[in-house]
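Novice: my questions are about this predicted structure, shown below with the sequence.
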Amino acid sequence: MSYIELKNVSFEYPGGFLAVDDISMSIEKGENVAIVGQNGAGKTTTVKLLNALHYPTKGDVLIGDMNTRKFTTAQVSRRVGYVFQNPDDQIFHSTIIDEVAFGPKMMRLPDDRQKQLVNKALSMTGMKRYRHENPYNLPLSVRKFVTIASIIAMDCDVMVFDEPTAGQDYVGNKRLAKIIRTLSEQGKTLITISHDMVFVADHFPRIIVMSNKKIIADGTPQDVFWNLPILEEAMLKQPYVSRICHELGVGDRIIRMDEAVDAIAFACGIKEDMA
Amino acid sequence: MGAVIKVENITYRYPLTEKPAIKNLSFEIEEGGFYGIIGPNGSGKTTLCALLRGFAPSFYKGDLEGQVLVDEKPTTAYLEGELSLRIGYVFQNPFNQISGVKDTVFEEIAYGLENFGVPVDEIEDRVVRAMKLTDIESLAMKKPFEISGGQQQRMALASTLVLEPGILIIDEPTSQLDPEGTESVFKVIETLKQTKKTVILVEHKIDLIAEYAEKIIVLKNGEAIRIGDKQDILSDIALEAEGIQLPQYAALGSRLRERGVDLEYIPITEKQALDVIGKAISKEAKTNVVH
Ligand SMILES: Nc1ncnc2c1ncn2[C@@H]1O[C@H](COP(=O)(O)OP(=O)(O)OP(=O)(O)O)[C@@H](O)[C@H]1O
Ligand SMILES: Nc1ncnc2c1ncn2[C@@H]1O[C@H](COP(=O)(O)OP(=O)(O)OP(=O)(O)O)[C@@H](O)[C@H]1O
Ligand SMILES: [Mg+2]
Ligand SMILES: [Mg+2]
């Protein structure tokens, strides 16, 4: 059995709206997975089932040896940290350092361990220089890193990032990519929701596609981004370089910039990388 | 066509800050134009929007040198609320834009029109149209807080489009949108041009700016480091060194050139990329035939 298992899970919001319809998925410990799909597909609802912000109305969610049904949200969220889509749903302290220190404090870790975790989280996210600021004095794009730092500081086995790429600039995206790489190397299990197809294609070995309350595809970036009917169903697009190689009939299922450069240069009769 | 907004050598500081958020900026916005404002986080894009709309300095206070003219009149000379009919504004954070006083998505979008005293049947028509444009008709009866992040952002855009203002300032309207929804927002904006609406759009999605906008303003540390036509600006590899992402096709083009591929020009749109890379490939195919 995998570390994370969703078994025939459905979720209905109070009032009766069915947002997730009979989905199953398995994620191994240490995997680095992206979830993509159209607005309203059920991505946020699904990941909130992982840390017991929601409980399934049907089926079971298993995290290691825990069935979320038998645990409180506080218990499950020690193992699964969730970074909210809207940072303002998460932040409630008036300085960044207090916000980030809150998790370790609640976990009643020894003082020096708390300090160490908070420091690590602040430096990894680039938030150290802002630590005495009020989070609301910072732009939304930066506040997102505050919420990421809070979850990193809790050192959960599983970390879920909901739309971290939204509104980020070039440098912000690079920083995010680096955070994800570092955590992944440390053996964390990571789940990232994003609408940025280039970011997803570049940084995740596995992509889960949701559409209309269901999972409709699950595979490598090549599998997903070259399955055109699936992309259309999920209202997604190929990365730009894939589109152009597709139109030009160049290369084999190109996903990334460097592959596109190689394939086009080759088609132009340039065989070697001169650089 | 004349200028609807003139920015005359403005420098602006927020209250209690020393460093200006906008420095020595001058440019004009022509009627019917589609302007893209780009730049790194914290470079002053939102501040500039607030200045164009007159929120700064009137609401944010702070210190403004120089002036912003809307229809030849300084923003500071307008009465509170007077500009809200002329300039529609979509705030950056869609989550903060919900009025909180309406029970359904439909009523939320109708809210502004009600305030302006528009007759009821006209309101209904216009709200339905705005919901169609943003593809949220099916959510009409949902509660504004009980919809997904991207759906909230679509609702925020619809709430402004419905007012049909002559000038639209839109601050990152697609940050939470799926790729299809993002593209359709740009298409909607493009159709606004046909009715001579002026659009000022802040976006990080540089590939779509390249595809759809006409003029570009690049901000960095509060200063405009480039103002002009998108073709020249977005094909300039030097921007990368300034921490500004090039469109994927421009990056691809410049890497291909580095590799020795003979490209006529650096493409910024899909059409241009197909054209210029297609030509480079067929040139090679021809020389092969000759050999
Ligand atoms: N509190 C709620 N009550 C009722 N329905 C809801 C609630 N929150 C979300 N929904 C609905 O559930 C569906 C799934 O929402 P969810 O937030 O999971 O989507 P998502 O895939 O994360 O979308 P986005 O990309 O826009 O963030 C949507 O149709 C939404 O309208
Ligand atoms: N209300 C405020 N008071 C003081 N300083 C502010 C205020 N709002 C913004 N600033 C500062 O002004 C500068 C420009 O911020 P602005 O929000 O305009 O940037 P931006 O380009 O829109 O960034 P982003 O891409 O993150 O939205 C930043 O240094 C920011 O911290
Ligand atoms: Mg969501
Ligand atoms: Mg901004």
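Specialist: Sure thing, it's come through. Ligands and ions are numbered 1, 2, ... in the order given.
Novice: spit out the contact partners of residue B:53.
Specialist: When contacts are counted by Cβ atoms under 8 Å, 6 or more residues apart in numbering or on different chains, residue B:53 is found next to B:75, B:83, B:87, B:89, B:169. The way it works is simple: take the backbone N, C-alpha and C, and place the C-beta from them, glycine included.
Novice: how about the residues of chain A near ligand 3?
Specialist: With Cβ under 5 Å from the ion as the criterion, chain A comes near ligand 3 at residues A:44, A:85.
Novice: strands along chain A, start to end?
Specialist: A:4-12, A:18-27, A:32-37, A:58-63, A:66-67, A:80-83, A:158-162, A:189-193, A:206-211, A:214-219 (DSSP state E).
Novice: among those strands, which is nearest residue B:62?
Specialist: Ranking the strands of chain A by distance to residue B:62, with Cβ to Cβ as the measure, places strand A:80-83 first at 32.3 Å.
Novice: the closest one pairs with which strands?
Specialist: Next to strand A:80-83 in the sheet, as set by DSSP bridges, lie strand A:158-162 (parallel).
Novice: may I have the strand it pairs with exported as CSV, CA atoms only?
Specialist: Taking only C-alpha atoms (Å, rounded to 0.1, in the frame of the first residue of the first chain), the coordinates of strand A:158-162 have been written out as CSV:
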residue,chain,number,x,y,z
VAL,A,158,3.6,15.6,3.5
MET,A,159,3.4,19.2,2.3
VAL,A,160,0.7,20.5,0.0
PHE,A,161,1.0,23.8,-1.9
ASP,A,162,-2.1,25.3,-3.3
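Novice: and it with strand A:58-63, angle?
Specialist: Taking axes from the mean of the first three to the mean of the last three Cα atoms, to 10 degrees, one finds strand A:158-162 and strand A:58-63 inclined to each other by 120 degrees.
Novice: in TSV: the strands of chain A, plus mean pLDDT.
Specialist: Converted to TSV, those look like this (pLDDT from 0 to 100):
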stretch	mean pLDDT
strand A:4-12	98
strand A:18-27	98
strand A:32-37	98
strand A:58-63	98
strand A:66-67	97
strand A:80-83	97
strand A:158-162	98
strand A:189-193	98
strand A:206-211	98
strand A:214-219	98
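Novice: could you dump these to TSV with distance to ligand 4?
Specialist: Putting the strands of chain A into TSV (distance: least, Cβ to the ion, whole Å) gives the following:
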stretch	distance to ligand 4
strand A:4-12	34
strand A:18-27	30
strand A:32-37	25
strand A:58-63	37
strand A:66-67	40
strand A:80-83	20
strand A:158-162	20
strand A:189-193	22
strand A:206-211	29
strand A:214-219	34
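Novice: can you put these in CSV and add mean neighbour count and distance to ligand 2?
Specialist: Compiled in CSV, the strands of chain A are given as follows (neighbours: other Cβ atoms under 10 Å in any protein chain shown; distance: least, Cβ to the nearest ligand atom, whole Å):
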stretch, mean neighbour count, distance to ligand 2
strand A:4-12, 19, 33
strand A:18-27, 18, 30
strand A:32-37, 24, 23
strand A:58-63, 18, 34
strand A:66-67, 15, 38
strand A:80-83, 25, 17
strand A:158-162, 25, 18
strand A:189-193, 24, 20
strand A:206-211, 23, 27
strand A:214-219, 18, 32
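Novice: pipe those strands into CSV and attach distance to residue B:278 per row.
Specialist: Listed next are those as CSV, based on distance: least, Cβ to Cβ, whole Å:
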stretch, distance to residue B:278
strand A:4-12, 45
strand A:18-27, 41
strand A:32-37, 30
strand A:58-63, 50
strand A:66-67, 55
strand A:80-83, 43
strand A:158-162, 38
strand A:189-193, 35
strand A:206-211, 29
strand A:214-219, 30
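Novice: for residue A:50, find the nearest of these.
Specialist: Across these, closest to residue A:50 is strand A:80-83 (Cβ to Cβ), at 5.1 Å.
Novice: who's in contact with the closest one?
Specialist: A:47-48, A:50-53, A:63, A:90, A:103, A:144, A:147-148, A:150-152, A:154, A:156-162, A:164.
Novice: let's see that with 6 Å instead.
Specialist: The list of residues contacting strand A:80-83 from outside it, by Cβ atoms under 6 Å, 6 or more residues apart in numbering or on different chains, reads A:50-51, A:63, A:147-148, A:151, A:154, A:156, A:158-162.
Novice: how about it, does it reach ligand 1?
Specialist: No: contact between strand A:80-83 and ligand 1, assessed by Cβ under 6 Å from any ligand atom, is absent, since the two come no nearer than 12.4 Å.
Novice: what ranges do the helices span in the chain?
Specialist: No chain in the question, so chain A it is. Under the criterion DSSP state H, helices of chain A are mapped to A:43-50, A:73-79, A:96-106, A:111-125, A:140-153, A:170-185, A:197-203, A:221-225, A:228-233, A:240-248, A:257-267.
Novice: not quite, I wanted chain B
Specialist: Taking DSSP H, the helices of chain B run over residues B:45-53, B:55-58, B:105-115, B:120-133, B:149-161, B:179-194, B:206-212, B:230-234, B:238-241, B:248-258, B:270-290.
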